[in-house]
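In: structure of the sequence below:
(one chain, ligands or ions: 1)
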Amino acid sequence: MRPDLEPKPIRPRLLVSVRDADEAALACASGADLVDAKDPENGALGALPVEIVRGIVARVGARVATSAVAGEPDEEASLAGCVAAMADTGVDYVKVAVWPGQSDAALQAAAEAASGRLIGVLFAEDGLALDALARLSAAGFRGAMIDTRGKTGRRLGDWLASDHLAAFVATCRTHGLLSGLAGSLSVDDVSTLAAHEPGYLGFRGGLCRDGDRRNALDPVRVSAAVEAFRALGRRDAA
Ligand SMILES: O=C[C@H](O)COP(=O)(O)O
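Out: Numbering: from 1, shown residues only. Reported below is the predicted structural model:
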């Protein structure tokens, strides 16, 4: 059965970024809650070709929630177009980079292009942009997440202190946004970050062979992550 990501799950959900339908099938079979289509060879928010994303949705979309990255458009004019192309693949959520200088009109057009399924990605390297969250909510975004832009070994917690992450999640909740945290996370981060009660925690590198996000997903690491998330649920239910 497809897990419910909203409005507030009893535990954070596990997002696993995948690069093709075979990895999507592995993540889904292992018990990931959200399968996220992304090109790990192309930076933090590399978009996959839409044909590959359609293949991922066809393979796992009936069994698990799906998302896809629409990239990091560097021109405001191309934002809504990138989002629309990815929304048209049938994914449940589209993720796109947002930055403070974007106009409200551009944000609104992007949200409309994804029919209320758009998640804005902010980068930890830019600091805590809490004021952006009200704008995303007003524009019609469904959620917001923090990720790291540079995949060079510095992790989410190296950029933002725990109280900042808690403030991000709480402010998302205030504005009715689904919240996500990511950035070179490992399974050891799960219980600490879960305490902030985000909607989901996102993983790629920490679940790949040798911890390198450009390598294939490692089934043993994916299973360990799934177990860590399930343990949270059991702890909360106890
Ligand atoms: O959306 C989440 C990202 O794919 C996380 O990637 P990462 O764990 O390699 O930083």
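In: separation between residue 44 and residue 220?
Out: Distance, residue 44 to residue 220, by Cβ to Cβ, to the nearest Å: 25 Å. In this view, the C-beta of every residue, glycine as well, is placed from N, C-alpha and C.
In: likewise for residue 134?
Out: 42 Å.
In: on that earlier part again, so which of residue 44 and residue 220 has more stuff around it?
Out: A count of neighbours by other Cβ atoms under 10 Å puts residue 44 above the other of residue 44 and residue 220, at 21 against 11.
In: so who does that one touch?
Out: When contacts are counted by Cβ atoms under 8 Å, 6 or more residues apart in numbering, residue 44 is found next to 72, 97, 121, 123, 147, 148, 149, 150, 151.
In: highest neighbour count among these?
Out: residue 147 (25 neighbours).
In: from the centroid of this protein, which residue is nearest?
Out: When Cα atoms, centre = their mean is applied to the chain, the residue found nearest the centroid is residue 202 (5.3 Å).
In: would you mind confirming that residue 19 makes contact with residue 36?
Out: No. Counting by Cβ atoms under 8 Å, residue 19 stays clear of residue 36, with 10.1 Å between them.
In: pLDDT wise, what is the residue nearest to residue 33 when sequence neighbours are not counted at?
Out: In this structure, residue 33 finds its nearest non-sequential neighbour in residue 13, 3.7 Å apart by Cβ to Cβ, 6 or more residues apart in numbering. pLDDT for residue 13: 96.
In: what is the neighbour count of residue 13?
Out: Residue 13 has 21 neighbours, counted by other Cβ under 10 Å.
In: shouldn't residue 201 be in contact with residue 188?
Out: No. Under the criterion of Cβ under 8 Å, residue 201 is not in contact with residue 188, lying 11.9 Å apart.
In: so for those two, which residue has more residues nearby?
Out: Comparing residue 201 with residue 188 by other Cβ under 10 Å, the one with more neighbours is residue 201, at 27 against 9.
In: beta partners of that one?
Out: Beta-bridge pairing of residue 201 under DSSP bridges involves residue 14, residue 181.
In: ok, it - contacts?
Out: By Cβ under 8 Å, 6+ apart, residue 201 lies in contact with 12, 13, 14, 15, 180, 181, 182, 185, 189, 190, 193, 194.
In: those residues: which ones sit near the ligand?
Out: Checking the contacts of residue 201 against the ligand by Cβ under 6 Å from any ligand atom, the ones in range are 15, 182, 185.
In: CA atoms of stretch 25-34 as CSV?
Out: Output of stretch 25-34 as CSV, limited to C-alpha atoms (Å, rounded to 0.1, in the frame of the first residue of the first chain):
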residue,chain,number,x,y,z
ALA,A,25,12.3,-1.1,-8.0
LEU,A,26,15.0,-1.8,-5.5
ALA,A,27,14.1,1.1,-3.3
CYS,A,28,10.4,0.3,-3.5
ALA,A,29,10.9,-3.4,-2.7
SER,A,30,13.2,-2.5,0.2
GLY,A,31,10.5,-0.4,1.8
ALA,A,32,11.3,3.2,0.9
ASP,A,33,8.4,5.6,1.4
LEU,A,34,9.2,8.0,-1.4
